[in-house]
Structures are given as structure tokens and as C-alpha cells.
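In: just need the structure, nothing else, for what follows:
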Amino acid sequence: MKGHPSLNESLHSGSNLIELIPDILLRFREKKIGVTADIRKSFLQISICKGDRDFLRFLWWRNKDCQEHKVFRHSRVVFGVQSSSFLLEVVLMYHLAKNCDVDPFVTKRLSNSFYLDNLLIGVHNESELKCLINVSNELLKKGGFELQD
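Out: Sure thing, here's the model as predicted:
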């Protein structure tokens with residue numbers, strides 16, 4: 001409605017936890033080999049608590065005259081919702097902290113190498129690259145995430 005906030009404007013956006021792009025780019029460029037990857041369907045991998053799903057309702061009109069409608073609720077984080085970036089960052093940070101015992105060095109490096117669902121990280125050589133790929137995939141798979149080129 002005109003003059004009233006939208007549902008998206010009413011949602012709490014959360015703190016800005018996103019790494020600064022210049023910092024990520026500097027760390028990316030300081031090593032011999034640059035590595036980029038993306039988390040496949042990252043937002044869709046995160047469930048919304050049942051109690052919070054009413055805040056993500058939407059209407060589906062059954063016919064063109066808009067007389068009959070059905071109410072649906074999103075059960076996953078919706079890309080573009082004001083809080084989606086915050087939710088993704090918090091889930092990634094929580095997951096990496098929870099699984100830091102897998103490889104503390106790689107986990108620490110990963111924790112400050114994501115810009116939303118994009119990984120930018122540098123390595124010195126191919127053996128370090130192979131280790132990074134294996135550990136990163138293992139770590140993220142534990143949280144239901146999958147890296148793609």
C-alpha cells in the first residue's frame with residue numbers, strides 16, 4: 001500500500017557482517033594462485049524457523065480475476081529479502097566455527113574469504129590448492145553447502 005512500509009522494509013536487516021571487498025581482494029592477490037568459487041544455491045540451503053515463516057508469506061492467485069488466492073510461506077531464505085545477506089553470513093560463520101577442528105588453518109582462512117556466497121582466496125602452490133579444495137568441500141558439505149567453480 002502506498003504510504004506504508006512493505007513487508008521487506010519491516011524486516012530486521014541484521015548487522016553488516018560482509019567482508020570488505022578491498023580486504024578480500026588484497027588477500028586474494030597476495031598469493032601466487034587465486035581461487036574463486038561459489039556456494040551452489042546458498043540461500044536455499046538455509047531453513048527458516050517455523051515460527052518465523054509467517055513473516056515470509058506470499059499470495060498465489062488461482063485465477064486471472066484475482067478472486068481466489070492461497071497463502072504460502074517460504075521455508076528457505078529468500079534471495080533479495082532485506083535480512084538474507086545477514087542470515088547467510090551468520091550461518092556460514094557459525095558453521096565454520098562449529099567445525100574448526102577439521103582443519104583450523106583452512107577454516108580460519110575461509111572465515112574471512114567469503115563475500116556473501118562467493119569465495120575468493122589465494123594459495124602459494126598446487127599442493128596447498130589441493131588441500132584447500134578438499135578441506136573446503138568437506139567443511140561446507142557438513143553444513144549442506146556445495147562449492148562450485
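In: give me the secondary structure label for the residue nearest in space to the middle of the chain.
Out: For the chain, the residue nearest the mean C-alpha position is Leu88 (3.4 Å; CA atoms, centre = their mean). Secondary structure assignment for Leu88 (DSSP: H, G, I helix; E, B strand; the rest coil): helix.
In: go on, Phe58?
Out: Once three-state DSSP is applied, Phe58 turns out strand.
In: burial count for it?
Out: When counting by other CB atoms under 10 Å, one arrives at 12 neighbours for Phe58. For glycine as for every other residue, the C-beta is placed from the backbone atoms N, C-alpha and C.
In: what's the single longest helix in this structure?
Out: When the chain is parsed with DSSP state H, its longest helix is helix 126-142.
In: so what secondary structure elements neighbour that helix?
Out: strand 33-39, helix 84-98, helix 104-111, strand 118-123, strand 147-148 (3 or more CB pairs under 8 Å, 6 or more residues apart in numbering; DSSP states H and E).
In: relative to Asp65, which of those is closest?
Out: helix 84-98 (32.9 Å; CB to CB).
In: remind me what the closest one packs against, helices and strands.
Out: helix 104-111, helix 126-142.
In: and the gap between the residue lying farthest from the centre of the chain and Glu128?
Out: Distance from the C-alpha centroid of the chain, by CA atoms, centre = their mean, peaks at Asp65 (37.8 Å). Applying CB to CB, to the nearest Å, the value for Asp65 to Glu128 is 62 Å.
In: again, but for Phe28
Out: 14 Å.
In: I figured Ser85 was touching Asp117, is that so?
Out: No - counting by CB atoms under 8 Å, Ser85 stays clear of Asp117, with 9.6 Å between them.
In: coming back round to it: so which of the helices and strands packed on helix 126-142 is nearest Ser6?
Out: Nearest of the helices and strands packed on helix 126-142 (CB to CB): helix 84-98, 14.9 Å.
In: got the angle for the closest one vs helix 104-111?
Out: Inter-element angle recorded for helix 84-98 and helix 104-111: 170 degrees (by axes from the mean of the first three to the mean of the last three CA atoms, to 10 degrees).
In: compute the inter-axis angle for helix 84-98 and helix 126-142.
Out: Using the same axes, to 10 degrees, helix 84-98 lies at 110 degrees relative to helix 126-142.
In: restrict helix 84-98 to CA atoms and write it as PDB.
Out: Written as PDB, here are the backbone C-alpha positions of helix 84-98 (Å, rounded to 0.1, in the frame of the first residue of the first chain):
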ATOM      1  CA  SER A  84      19.000 -12.600   3.600                       C
ATOM      2  CA  SER A  85      22.700 -11.500   3.400                       C
ATOM      3  CA  PHE A  86      22.900 -11.300   7.200                       C
ATOM      4  CA  LEU A  87      21.400 -14.800   7.600                       C
ATOM      5  CA  LEU A  88      23.800 -16.300   5.100                       C
ATOM      6  CA  GLU A  89      26.800 -14.700   6.800                       C
ATOM      7  CA  VAL A  90      25.700 -15.800  10.300                       C
ATOM      8  CA  VAL A  91      25.100 -19.400   9.200                       C
ATOM      9  CA  LEU A  92      28.400 -19.600   7.400                       C
ATOM     10  CA  MET A  93      30.400 -18.100  10.300                       C
ATOM     11  CA  TYR A  94      28.500 -20.400  12.800                       C
ATOM     12  CA  HIS A  95      29.100 -23.500  10.600                       C
ATOM     13  CA  LEU A  96      32.900 -22.700  10.200                       C
ATOM     14  CA  ALA A  97      33.300 -22.000  13.900                       C
ATOM     15  CA  LYS A  98      31.500 -25.200  14.800                       C
END
